[in-house]
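In: one predicted model, sequence on top.
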Amino acid sequence: MSKLYDIIDFNHTFVQNKEFEKYRTTKFPDRKMVILTCMDTRLIELLPQAMGLKNGDVKIIKNAGAIVSHPFGSIMRSILVAIYELNAEEICVIGHHDCGMTGLHSSSMLDKIKDYGISQEHINILNHAGVDLGKWLTGFENVIEAVINSVKMIQNHPLLSKSIPVHGLIIHPETGKLDWVVNGYSHTQK
Ligand code: ZN
């Protein structure tokens, strides 16, 4: 458990050498877009490079699977902040092939949680308190359907203007190829 020491050391040098200068920009996205995508490690650099995006171009929100699971959760709030406070004008949900959330089942994750020492008793308490762990810790079967579901949840949000296009795309985690699944321009109203 000493992974952060190397990072802190690197950071001192980075700042000292003023390597930050080439990344200077503002909090407002120059390309006026907000992207919700997956936290997958293969996408850290690949996704912006494959889309021709540089620092300052877009807002990027990440979670496991690029999923909007609740209309009033932190992902949807971030999207609304990007639109209304930071001047984004289009939304892209970008899932990817071979996602860790594909086929994820709560039972296998709960087994691993218990291996870390969390007791069944604690899990039972949460279940009795009305937390649906089975649903919450389960991913999706099909990434295309998952992207379409998230796009629909955003499009139908009562606080989102119908003039904002909400696109759905799938990116290939090796080649960076984008497939356009939902064309947000065909759903917008002026
Ligand atoms: Zn993923």
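Out: Great, that's in hand. Residues are numbered from 1 along each chain as shown.
In: for this protein, which segments count as strands?
Out: Counting by DSSP state E, the chain has strands at residues 33-38, 59-63, 90-96, 166-171, 178-182.
In: now the spatially most central residue of the chain: how far from the ion?
Out: The structure's the chain has its C-alpha centroid closest to K62; by CA atoms, centre = their mean the separation is 2.6 Å. In this view, K62 and the ion are 9 Å apart by CB to the ion, to the nearest Å. C-beta: built from backbone N, CA, C; applies to glycine.
In: also I60?
Out: Distance, I60 to the ion, using CB to the ion: 14 Å.
In: that residue contacts M33, correct?
Out: No: with contacts counted by CB atoms under 8 Å, I60 stays clear of M33, the gap being 9.5 Å.
In: which residues touch stretch 97-105?
Out: With CB atoms under 8 Å, 6 or more residues apart in numbering as the test, stretch 97-105 has contacts from 38, 40, 64-65, 67, 137-143, 146, 170-173.
In: equivalent analysis for stretch 130-138, please.
Out: With contact meaning CB under 8 Å, 6+ apart, stretch 130-138 is reached by S69, L104, H105, S106, M109, L110, I123, L126, N127.
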